[in-house]
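Visitor: next come a sequence and a model predicted from it.
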Amino acid sequence: MITLHHYLLISALLFCIGLFAVITKRNAIMMLMGIELMLNAANINLVVFSKFDAQMLQGQMFALFVIVVAASEAAVGLAIILRVYGLFKTANLDEIDQLKH
Amino acid sequence: MLELLELIKPLPFQTITIAALLVVTMPVIVFLMLLFLGHKIKHADWLATCTMFLSFLISLIVFKHVWWGETVHSRFDWISLGSLFNGHVPIRFTLGLRIDKLSALMLVMVTFISTLVHLYSQEYMKGDRQYVRYFAYLNTFTASMLGIVVADNLFVIFMFWELVGLTSYLLIGFWYQKNAAIKASKKAFLMNRIGDLGFLVGLMIFWAQFGSLDLDALYQLMKHSFIQHGQWMVQYTANGHLMTHTLHTGWLTVAGIGIFCGCIGKSAQFPLQIWLPDAMEGPTPVSALIHAATMVAAGVFLLARVFVLLDVDTTIFIAVIGCISAFSGAYAAVSQFDIKKILAYSTISQLGYMVMGMGVGAYDASLFHLLTHAFFKAGLFLCVGAVIHAMHQLQHHLAEKGTELHFDTQNVHLMGGLRKAMPKTFILYLVLSWAAMGLPFSSGFLSKDAILVGVWAWAEVMAQQGNWFFYLIPIVAFATAFITAFYMGRQLFIVFMGEFRLEKIYSEAKGALHHVHDASLKMLLPLAILAFLSIGFLYSFNPFETSDAWFMNAITIPQSLANQLTPDLQSQIAAAVTRLHFNGMVLSVLVASLGLFLAYVRYGRANKVSVKTLSVSPYSMAQKLSTNNFYLDSLYQKFGVNAMLSIANFMAWIDVKVIDKTVNFIAIINVVVANIVAWFDSAVVDGSVGAVVYVSGRIGVMTQSFQSGKIQSYFIFVFSILLLFLAIILLM
């Protein structure tokens, strides 16, 4: 029997993987992908909670909304990365530290 | 009851006082012009001379109005210095001009002689490097003297008095390259300061007693003061408040003697007379001015101003001092060989006569002598200046001819026989010295005779109480008249008669007498005028009757206001003067002729005054005393100067050993304290500041490490803090 806990565990696992990717990956695009993972972990949560509360579809609606926002966020994020790459000739986050103290 | 504020109230200016003010201020303006623009003015000498002549003309107008009119007096408030008695009695100094017959006469005399001296100086000082400065000084010197003459206030007189002292210092030390001149000017200045100290004390006493130094106020208050139980009292109201001042009578004498001390200094009386012979270091026309019209006359003039304030003890003191000065000056003049010094000592002696005259109450005679002496002494000095000038030119001439001779141009031993070479100067000199000797038909005879008779009459009246001591003064005075004729005769014979000894002493100078000439007209003209003014007929138609002289008739002896000299005594003296007049005159003619005769016997015959007799000096004690002026200089050196020097050295020692040591000690303590403070500053104050800086620095370093610029590390921080908040919320 698959309970809410299993779903939530999967979602937490996915969030952690996404967080891990955001923190550790050198490449900015990889980091952006980590963010996508974290967003999707949140989506799973929203959908699951919606599933166990059948009368309300708010969770699913919210997940759809997050997907839309994530798509535009990815577009903006990729555009920023392109500009950064144009400026620094690299997408390596370790080398982009112009803002330090 | 007298009201002080009424006595010193402002008086309006009149034409005559403004004219007198002009007389005084014009030379001052010229002085300033010459001082600051002197190099730009083309004829500075003529500017100075003409200004002085203009002053003389204006003073003639003043004289005309005052001599046949009455005393003019203008005054205004000068300084108000707070007040006494809870603001009821103001302390007020006034300033003004008071022209009476005496000051009008002095104005004319001073400006006249000064004009002549200016004219003479143009020739005498020609080519001097400081020609313009000389005339500037000469002008201000005269102006200071004129200030004394017109001032209405003893305090203002004192100020001009000091100015005369200063300018005489400048003029005596005019040739500042000469060490002797510098020394002489210092000596004159210091000697005068000693006398002025007494003057100041006298002023303070009068101020304390009367609350004003205005002459008219002083006369009025003195008239109303009285002696009671040995106390000198005066009562007057000031702004309605009754003031009663009481001093011991001794203070009246002290005040009189104090003011007389000023006269002792300025008029070169014993014991401060030693500056005058040294003052010969100045240019000769200056000597003429100092000795005749300005500086030394100021002392006698001051005595005339305060004459009515003097009490009997003071007048006796004045008479004695005058007598000593007259005798010692004449005695010292006998064996001087510097031609100017003979006249310098003669001045001391003649001033002694005037002071003595003031002391014995022969006020008019004394001032008459001041006038006549001014003319004949100025003339004598200018004559002697002409002789010195001629000797200088001779020296110059010889040098041009190739014989470099360095001889003292003022040494009478090198002169002689100048009669033939300088006939005009000789005749003028004869007239002038005739007056100085006090021989009949001269002005000097009239005035000196009046003083001598006055002294004799005074002694007779004073000796009525059985005090024969008073007779000493007329005896010494007549003896001095004898010596005066002797030394003047000696100078006359040595300089103008006999052989020209320069030729005998220096064989190179043979025939030099032919190169000695009379001075130019510019120098002879003042001489001639002064000689003319020394003729007795100008003053009295009867040359043997002094009381006929217009001067003696115009100037009357003022009633003494210091109560002890009773009117009775004054009228007794006046009676004695009339009685003794003939005897006195005969005696004075006798002694003077005897003096001249002895001088002729000793110096007048050519063989007597040869090179040999003059150059050999078998000095007897009497001669040594005379030559060295009673060793007064050495005495001052020993007891005055050396004592001062040792005190100064002692003070220097104290300065170095005590004061400097203390200062050094304090300095060391200061340095130690400063070091401690410096340590505290660097260790504690700076340390704490440093600590704060260090801590904030470390915090800065710590916090800046968060700003790594790596986006992922920011992310970690944000996330961990989010977790932290969540944990806190959950735990709570």
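Guide: Noted; the coordinates are in hand.

Visitor: determine the longest helix present in chain A.
Guide: helix A:58-88 (DSSP state H).

Visitor: packing partners of that one?
Guide: helix A:28-51 (3 or more Cβ pairs under 8 Å, 6 or more residues apart in numbering or on different chains; DSSP states H and E). C-beta here means a position set from N, CA and C on the backbone, and glycine is covered the same way.

Visitor: the helix it packs on close to chain B?
Guide: Yes. Applying Cβ under 8 Å from any Cβ of the partner chain, one finds helix A:28-51 touching chain B at residue A:31.

Visitor: also compute the angle for that helix relative to helix A:58-88, please.
Guide: Angle of helix A:28-51 versus helix A:58-88, following axes from the mean of the first three to the mean of the last three Cα atoms, to 10 degrees, is 170 degrees.

Visitor: what is the mean pLDDT for helix A:28-51?
Guide: Regarding helix A:28-51, the rounded mean pLDDT is 90.

Visitor: and chain B, which of its residues are near chain A?
Guide: Checking chain B against chain A by Cβ under 8 Å from any Cβ, the hits are B:704, B:707, B:708, B:709, B:710, B:711, B:712, B:715, B:716, B:719.

Visitor: among those, which ones are buried?
Guide: With neighbours counted by 16 or more other Cβ atoms under 10 Å in any protein chain shown, these contain buried members at B:710, B:711, B:712.

Visitor: so residue B:236: helix, strand or coil?
Guide: Counting by DSSP: H, G, I helix; E, B strand; the rest coil, the backbone at residue B:236 sits in strand.

Visitor: still on that earlier bit, identify, from the residues of chain B next to chain A, the entry nearest to residue A:44.
Guide: Residue A:44 lies nearest to residue B:719 out of these, by Cβ to Cβ, at 19.5 Å.

Visitor: now the stretch 451-600 of chain B against chain A: closest residue?
Guide: residue B:522 (99.5 Å; Cβ to the nearest Cβ).

Visitor: now the longest helix of chain A: buried residues?
Guide: So for helix A:58-88, counting by 16+ other Cβ under 10 Å, buried means A:59, A:62, A:63, A:66, A:70, A:77, A:81.

Visitor: then stretch A:94-101?
Guide: So for stretch A:94-101, counting by 16+ other Cβ under 10 Å, buried means residue A:96.

Visitor: can you name the element that comes right after whichever strand or helix holds residue B:105?
Guide: Element membership for residue B:105, per DSSP states H and E: helix B:101-124. Next helix or strand after helix B:101-124 toward the C-terminus (DSSP H and E): helix B:131-150.

Visitor: residues making contact with stretch B:245-253?
Guide: Stretch B:245-253 is contacted by residues B:205, B:208-211, B:227, B:230-235, B:311, B:313-314, B:317, B:562 when judged by Cβ atoms under 8 Å, 6 or more residues apart in numbering or on different chains.

Visitor: what residues of it count as buried?
Guide: In stretch B:245-253, counting by 16+ other Cβ under 10 Å, buried: B:247, B:249, B:251, B:252, B:253.

Visitor: just the buried ones among the contacts of stretch B:245-253, please.
Guide: B:205, B:209, B:210, B:211, B:232, B:233, B:234, B:311, B:313, B:314, B:317, B:562.

Visitor: let me see the mean pLDDT of the helix or strand containing the fifth one.
Guide: Element membership of residue B:232, judged by DSSP H and E, is strand B:231-238. Per-region confidence: strand B:231-238 scores 83 on mean pLDDT.

Visitor: who does that strand touch, helix- and strand-wise?
Guide: helix B:4-7, helix B:179-210, helix B:215-224, strand B:226-228, strand B:241-248, helix B:249-266.

Visitor: distance from it to the middle of the chain?
Guide: Taking the mean of its C-alpha atoms, strand B:231-238 sits 33 Å from the chain's own mean (Cα atoms, centre = their mean, to the nearest Å).

Visitor: next, the angle from it to helix B:215-224.
Guide: Using the same axes, to 10 degrees, the inter-axis angle of strand B:231-238 relative to helix B:215-224 is 130 degrees.
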